[in-house]
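Peer 1: how would this look folded up:
(2 chains)
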Amino acid sequence: MSVLAPAEEAEIAAAIAEAHAHATPLLLAGNATKNGLLRPVQAATTLSLKHHAGITLYAPNELILTARAGTKLADIEAAVAEKGQQIIAEPPDLGALLGEEGAQTLGGVVACNLSGPRRVTAGAMRDHVMGMRAINGAGEVIHSGGRVLKNVTGLDLCKLLAGSFGTLAAITEIALKVLPASETVATLAIAGLDARKGVAALSAALGAPFGVSAAAWLPRAEAARIPALAGFAAPVALMRIEDFRPSVAYRSERLRAALTDFGKGEIIAEAPSRVLWRAVRDAAPLGAVAPGEAVWRVSVRPSAGPGIIAAADALGGRAFLDWGGGLAWIVSGASAENHRAITAAVRAAGGVWWLMRAPDGLRASLDVIPPEPASLAAITRRVKAAFDPAFILNPGRLYAGL
Amino acid sequence: MIRLPDPKPETLAARARIVAGLRALLPESGVIAEPLRLKPYETDGLAAYRQVPLAVALPETTEQVAAVLRFCHENGVRVVPRGAGTSLSGGALPLADAVVVGLMRMNRVLAIDYADRLAVVQAGVTNIGITEAVRAAGFFYAPDPSSQLACMIGGNVNMNSGGAHCLKYGVTANNLLGLKIVTIAGEIIEIGGAHLDAAGYDWLGLLTGSEGQLAVVTEVTVRILRSPEGARAMLAAFRSNEIAGACVDAIITSGIIPVALEFMDRPAIHACEAFAHAGYPLDAEAMLIIEVEGSIQEQDDLLARIKEICARFDPISLKVSQSAEESAAIWKGRKGAFGAVGRISPDYLCMDGTIPTGRLPEVLRRIGEMSDSYGLKVANIFHAGDGNLHPLIMFDANDPESFHRAEAFGADILKLCVEVGGCLTGEHGVGVEKRDLMPAQFTAIDLDQQRRIKTAFDPDWLLNTAKVFPLTDALAPAA
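Peer 2: Residues are numbered from 1 along each chain as shown, chains lettered A, B, ... in the order given. Below is the predicted model:
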């Protein structure tokens, strides 16, 4: 197992060109905190972009930041926080969940399109990638988009590469839209609602004119793992409002009044709110993942969320809902039977899944994301070849044989 | 003048057979082939370019679209998808040997789900039609291009349309959940659905803004949002473009993102005031329209903060709307800007570049210099928060020389946008209009990468041929 970790883009391009010439598979990584996601990659050589790091431009007045892919996400979060701004999609740190200790990079978060609670109202990580430089599988430097906030010039390769898990190109630099961070935050918590009523409350909140920015539902046991929620000793629906102080004060009260049919509701103040949404973001309510367990991430229409919870419950698993009920996080025993049961429920709900963590043997043998219909799978194969003609970049990460 | 490719002689020769073949696939009235009835389809919002198509097909179902595309594919016939034909970049301009596939008969709202906050609509539903369908429940569809009364959601998807309010709500790509598409081979594919995010490749993101190069969109699942409690606008007028630009920076860096932040220069102010009588200050060099949302108290709070910021920039006037009527009057001038310019000039080209917002004063100064050297007037309207610049170049279409100068002026402006770090088009698309400028923004390698993706979807390059990619390459599939 050899590891290449060049610092310069030209060296990264040369390494990929070399691998292309010899049809050598490459495992693309940043700090390798996400190698456990989806299928294992069969490659003797790792190409790490962790040394290709650094913020290259930050214009707070233009709401744009560009950074090399290997930049630690925490460094970017700190840089924008210093100017009172934030990364819009609130990307999670899944290190604890995945059992990885390294610092995740911007490139990794974008390549996996990971978004946190704010995704339900403010868009995914991919929505705020305004531009990109990348090296395709032939070792050529390509770029798409730019460092401006609106751009429809040519095909939008940024969205295609975001969430492609390094299978099309090695992203080397990313231009990210950022926004002002809110002055304060508060959370309306309504305890005692089962999944169906809880999601109905979240839908009512997201359908109210009070600018709810995140909405999650936690079963009793999962809520108990969050200190601010343990006192409820019940399942709890959580709705976040972020804005200037007068707005947050006004809207959280209006929201509470609008949702009285669902329960009395309690307003959680700024400091515990920040802690609890960070926990939701990082899937911490699931608790520690044991070696014999697997983690699934599921996206369905919000009203189908309770059905996914029921499927997880039937397996004796742990689960909770974010994104207004549309994102389900599930932990259960790592077995093909459990995978079949969960994915059948997701398929019936018309949604998608990602197998986020499982023993290597298992994740090599399962559909870690939903298979595409034949007509689309054929396009996938042709588009993969259009970027990576020798099929050397992260082979097998998404689909066996691709 | 932008060149169109030579029609395929074999297609022109087979016209009668192609029309008969289409008639076999569609209802009686679904195929147009008579020269007089083809005439309305010869152009779109870029009216300087005209070309009557071979025929027009007006399918009513996704299956009919699939049958038409399969037929065209089997017969090597080029296809130009069309919604309302409002493209300002010539995205729906026909070719002499192409069948225009018009989606306007697919105009039904198929499903609305308030709990999951989505609507499923056919491609021919107008942009405003979606909002009208959900307004009674207090919801709206956010992207609001100026043509929203006419333009159709299928076209919005293909152009990734924006609008004056996308500073807060994002563009089309940020407001979609799913698509039903038909490939050139006639395959019907569902992309996305009612959930957020793709598990595999983000086809939804790639198809959005793909200008009809990859597939034909027949159904769209959009996110619908609850309308805010209210909205109110204010006007701020300044002595120079530089000062107004600095004020925009100050607002954004203060942490306020208004729902809209529109900039107009002096010629735009004068044209719009003459048209709308909105009370715009005629002695100003630059004016901002700033809109905020929320309850009355929240509006008051935000407008007070913004007013305080504007006051630091020696404004000529600051006017906070006191009512919905006053806000409507403020917007009337801006929304009528294109029509207003049309009243002072027989014809105009509406350009659409994006620049880093900090470069605005410099860009406006250089556009002013170009205006002098080309001898053509220009009015500038700018989505100031996101850097999207719309120079309206005035010319006389009866004078071909004037038109050619206007085109050259426009190309120079777009090259300037790229030079300062921006791009050729922020929301109108490349179409035919900016096709030949693509090498200013992209390397040959970049364009080849995009062409290979087109080829992966459309191996024979039959879909919306001669748009987006420079002509010689557009006709030859990438190796």
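
Peer 1: Tell me where the stretch 201-350 of chain A has helices.
Peer 2: Secondary structure of the stretch 201-350 of chain A (DSSP state H, counting those that start in this stretch): helices at A:220-223, A:227-230, A:245-258, A:270-281, A:305-314, A:336-348.

Peer 1: Name the residue of chain B with the shortest distance to chain A.
Peer 2: B:G205 (2.6 Å; CB to the nearest CB). (C-beta placed from N, C-alpha, C; glycine too.)

Peer 1: wait, that residue sits on A:V129?
Peer 2: No - using CB atoms under 8 Å, B:G205 is not in contact with A:V129; the gap is 9.6 Å.

Peer 1: Quick check: neighbours shared by those two?
Peer 2: A:158-159, A:162 (CB atoms under 8 Å, 6 or more residues apart in numbering or on different chains).

Peer 1: So which of those residues wins on neighbours?
Peer 2: A:K159 (29 neighbours; other CB atoms under 10 Å in any protein chain shown).

Peer 1: Out of the helices of the stretch 201-350 of chain A, flag the one nearest chain B.
Peer 2: helix A:245-258 (5.2 Å).

Peer 1: Quick one: mean pLDDT over that closest one.
Peer 2: For helix A:245-258, mean pLDDT rounds to 97.

Peer 1: just stretch A:55-73 next, same as before
Peer 2: Stretch A:55-73 shows a mean pLDDT of 97.

Peer 1: From B:P145, how far off is the most centrally placed residue in chain B?
Peer 2: What sits nearest the mean C-alpha location of chain B, by CA atoms, centre = their mean, is B:H428, with 3.4 Å. B:H428 is 9 Å from B:P145, where distance means CB to CB, to the nearest Å.

Peer 1: Over to B:E132?
Peer 2: Separation of B:E132 from B:P145 (CB to CB): 16 Å.

Peer 1: Name the residue in those two with the higher neighbour count.
Peer 2: B:P145 (24 against 14).

Peer 1: quick one, what contacts residue 145?
Peer 2: All of this refers to chain A. By CB under 8 Å, 6+ apart, the residues touching A:G145 are A:129-132, A:151, A:156-158, A:175, B:423.

Peer 1: Correction: the question concerned chain B.
Peer 2: Counting by CB under 8 Å, 6+ apart, B:P145 makes contact with B:127, B:151, B:156, B:161-163, B:427.

Peer 1: now, which of these lie within helices?
Peer 2: Under the assignment DSSP state H, the contacts of B:P145 contribute B:127, B:156 to helices.

Peer 1: Which of the contacts of B:P145 fall within strands?
Peer 2: Taking DSSP state E, every one of these sits outside strands.

Peer 1: how about CSV for the contacts of B:P145, with neighbour count, pLDDT and distance to chain A added?
Peer 2: Listed next are the contacts of B:P145 as CSV, based on neighbours: other CB atoms under 10 Å in any protein chain shown; pLDDT from 0 to 100; distance: CB to the nearest CB, whole Å:
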residue, neighbour count, pLDDT, distance to chain A
B:N127, 27, 98, 16
B:C151, 22, 96, 14
B:N156, 35, 98, 11
B:S161, 29, 96, 8
B:G162, 30, 92, 6
B:G163, 23, 87, 10
B:E427, 28, 93, 6
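
Peer 1: of the contacts of B:P145, closest to B:P94?
Peer 2: Nearest to B:P94 among the contacts of B:P145, counting by CB to CB, is B:C151 at 18.0 Å.

Peer 1: Roughly how far does the closest one sit from B:L103?
Peer 2: 12 Å.

Peer 1: next one: A:A214
Peer 2: Note on A:A214: its distance to B:L103, by CB to CB, is 36 Å.

Peer 1: Same drill for these two, tell me which one is more crowded.
Peer 2: Counted by other CB under 10 Å, A:A214 and B:L103 do not tie: A:A214 has more neighbours, with 29 against 25.

Peer 1: my read: that one touches A:V120, true?
Peer 2: Yes - at 6.4 Å, A:A214 counts as touching A:V120 under the criterion of CB under 8 Å.

Peer 1: shared neighbours of those two, which are they?
Peer 2: Counting by CB under 8 Å, 6+ apart, the common neighbours of A:A214 and A:V120 are A:D322.

Peer 1: so where does B:C272 fall, helix or strand?
Peer 2: Per DSSP states H and E: B:C272 is located in helix B:266-276.

Peer 1: Tell me the first helix or strand C-terminal of that helix.
Peer 2: As assigned by DSSP H and E, the chain's next helix or strand after helix B:266-276 is strand B:286-293.

Peer 1: Could you report the pLDDT at the residue nearest the centre of chain A?
Peer 2: When chain A is reduced to its mean C-alpha position, the closest residue under CA atoms, centre = their mean turns out to be A:L114, at 1.9 Å. Looking at A:L114, its pLDDT stands at 98.

Peer 1: ok, now which ones touch the residue of chain A found nearest chain B?
Peer 2: Nearest residue of chain A to chain B: A:K159, at 2.6 Å (CB to the nearest CB). Neighbour list for A:K159: A:126, A:129, B:173, B:202, B:204-206, B:208 [criterion: CB under 8 Å, 6+ apart].

Peer 1: and it, helix, strand or coil?
Peer 2: Following DSSP: H, G, I helix; E, B strand; the rest coil, A:K159 is assigned to helix.

Peer 1: can I assume A:R118 is in contact with A:V212?
Peer 2: No - in this structure A:R118 lies outside contact range of A:V212 using CB under 8 Å: 10.5 Å.

Peer 1: Which residues does the helix holding B:C272 contact?
Peer 2: Residues from elsewhere that reach helix B:266-276 (CB under 8 Å, 6+ apart): B:264, B:278-282, B:284-287, B:329, B:332-334, B:336-337, B:339-341, B:343-344, B:377-381, B:392.

Peer 1: now do stretch A:375-386
Peer 2: Here stretch A:375-386 makes contact (CB under 8 Å, 6+ apart) with A:160, A:167-168, A:371-372, A:391, A:399, A:402, B:183, B:187, B:189, B:191, B:200-201, B:203, B:449, B:452-453, B:455-457.

Peer 1: try stretch A:213-220
Peer 2: A:117-118, A:120-122, A:182, A:193, A:195, A:198-199, A:201-202, A:205-206, A:226, A:229, A:232-242, A:277, A:280, A:285, A:305, A:309, A:319-325.

Peer 1: In ChimeraX, select just the buried ones from those residues.
Peer 2: Buried subset of the contacts of stretch A:213-220, written as a ChimeraX selection, criterion 16 or more other CB atoms under 10 Å in any protein chain shown:
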select /A:117,118,120,121,122,182,193,195,198,199,201,202,205,206,226,229,232,234,235,236,237,238,239,240,241,242,277,280,285,305,309,319,320,321,322,323,324,325
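
Peer 1: count of residues packed around residue 260?
Peer 2: By default, I'm working from chain A. Neighbour tally, A:T260, other CB under 10 Å: 10.

Peer 1: try chain B instead
Peer 2: When counting by other CB under 10 Å, one arrives at 25 neighbours for B:A260.

Peer 1: hang on, it packs against B:L288?
Peer 2: No - contact criterion CB under 8 Å: B:A260 and B:L288 do not qualify, at 9.9 Å.

Peer 1: Residue ranges of each domain in chain A, please.
Peer 2: A:2-180, A:184-270, A:288-358 (automatic domain parsing).

Peer 1: May I see these arranged in a markdown table, with distance to B:L302 as well?
Peer 2: A markdown table is the format used below for the domains of chain A (distance: least, CB to CB, whole Å):
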| stretch | distance to B:L302 |
| --- | --- |
| domain A:2-180 | 13 |
| domain A:184-270 | 8 |
| domain A:288-358 | 26 |
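
Peer 1: Let me know which of these is the nearest to B:D314.
Peer 2: Proximity to B:D314, assessed across the domains of chain A by CB to CB, is greatest for domain A:2-180 (19.3 Å).

Peer 1: what's the first-to-last distance across the closest one?
Peer 2: 42 Å (CA to CA, to the nearest Å).

Peer 1: How far does that domain sit from its chain's centre?
Peer 2: 13 Å (CA atoms, centre = their mean, to the nearest Å).
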